[in-house]
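> no FASTA, just this:
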């Protein structure tokens, strides 16, 4: 186990690199990075990525201190849990294991960019959704004071390990096990709410629990790519308004996570009500901004790439199982650029997405920071803030 008192040099070097990269500007946050030992939040160990979706467990107490310190202060996300339960010390073999990451220590550059975007001030109270390892919690506590920070994680094991790590460095804050989408009413209202997980939409409970003038910062999106960091300010009228401040990717909040669409995809898309040529090919969704626009338009839809038969060209799908709707895309027989779309179910998924993407193109294809949003109790409202943008607004009703 690395002694935190021996990593002062590494912490200062990390802060210097973050400042040089533009992720760190504020002297108070720099002092927090220099004070908080990240390695204390990586026990019992981490999973390192290996080919073919496998992960190699690396235990803190079995790793030489110099190697562990280099890893802890590298600017990378470090996976600490797989499949909702498996931690590195529970792996039965040191060999790589399969699994899906469900908890991690986010790369420090992203942590600091988000904390600086939160624009905290002395004396404010903050709610953190997604405690994770507790590293970002410790940074918040250093900045605001441990009694002004409440952190919530849905996983009892994750919350317990984070609380133990916080206590190990002398921080006693409000660590809560529960569904972060519900916030934490007993300690409300808050001046700042920050989520270290992705959500399909901002829960209105967060708006209710934020003081007028307070800020909510969270990732919108449920796909592996194409997430947007939303920053909204809560108004006295109970609404919240703001914009997407940049691209970002986070693990999905477990309460909103959807199981992957598997099985017989052809059967799922068997009954189409319409078929036509597309005006925007589905390959546009490989780009970050179109992907976030699609997710804001149909937040419950999943993007799936698959081959339906041996030797057949790849097909792309949008599935919204809860609404029994789908869109299936296939390239033309002679020209792969000529795609067709078959749609079925009560919702024409691609019609909705395509309208927004066409308006975005007409506006000159601005970046994600052109997207504005307003949150009410009943809906999320979106629009493009661009001098070239047509008068297009769209919404997603919560009921």
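Perfect, I can see it now. Just so it is clear, the structure is predicted and the values come from calculations on it, not from any experiment.
> from here on, contacts and neighbour counts on C-alpha atoms
Fine.
> for residue 331, what are its contacts?
313, 315, 337, 338, 339, 340 (CA atoms under 8 Å, 6 or more residues apart in numbering).
> For the helix or strand hosting residue 150, which outside residues touch it?
For residue 150, the host element (DSSP states H and E) is strand 149-153. Outside strand 149-153, the residues that touch it by CA under 8 Å, 6+ apart are 125-132, 137, 140-141, 159, 173-180, 183-184, 187.
> same deal with stretch 356-374?
Taking contacts as CA under 8 Å, 6+ apart, the residues outside stretch 356-374 that touch it are 228, 232, 239-247, 280, 289-290, 292-294, 297, 380-390, 392.
> Please work out how many residues are found near the closest residue to residue 88 other than its chain neighbours.
Closest residue in space to residue 88, ignoring its immediate chain neighbours: residue 57 at 4.9 Å, by CA to CA, 6 or more residues apart in numbering. When neighbours are defined as other CA atoms under 10 Å, residue 57 has 25 of them.
> now swap in residue 230 and tell me
Neighbours of residue 230 (other CA under 10 Å): 25.
> Which secondary structure state does it sit in?
When classified by DSSP: H, G, I helix; E, B strand; the rest coil, residue 230 comes out as strand.
> pretty sure it contacts residue 217?
Yes: judged on CA atoms under 8 Å, residue 230 makes contact with residue 217 at a distance of 5.7 Å.
> quick one on the thing from earlier: quick one: the helix or strand in which the residue nearest to residue 88 is found to chain centroid distance?
Taking DSSP H and E as the criterion, residue 57 maps to strand 54-59. Strand 54-59 sits 23 Å away from the centroid of its parent chain (CA atoms, centre = their mean, to the nearest Å).
> hmm, who's touching it?
Residues contacting strand 54-59 (CA under 8 Å, 6+ apart): 43-50, 88-89, 91, 94-99.
> Looks to me like residue 143 is in a helix.
Yes: judged by three-state DSSP, residue 143 forms part of a helix.
> Give me the neighbour count for it.
21.
> what are the ranges of the helices in the stretch 1-150 of the chain?
For the stretch 1-150 of the chain, applying DSSP state H, counting those that start in this stretch gives helices covering 8-21, 27-35, 65-72, 108-118, 135-144.
> Out of those, the one nearest residue 258 is which?
Residue 258 lies closest, by CA to CA, to one member of the helices of the stretch 1-150 of the chain: helix 108-118, at 24.8 Å.
> Residue ranges in this protein under the pLDDT threshold?
Residue ranges of the chain with pLDDT under 70: 1-5, 307-313, 333-336, 388-391, 397-399.
> and with 50 instead?
Along the chain, the parts satisfying pLDDT under 50 run over 1-2.
> Which ones among the contacts of stretch 356-374 lie within strands?
Those of the contacts of stretch 356-374 mapping onto strands are 228, 232, 240-247, 380-384, per DSSP state E.
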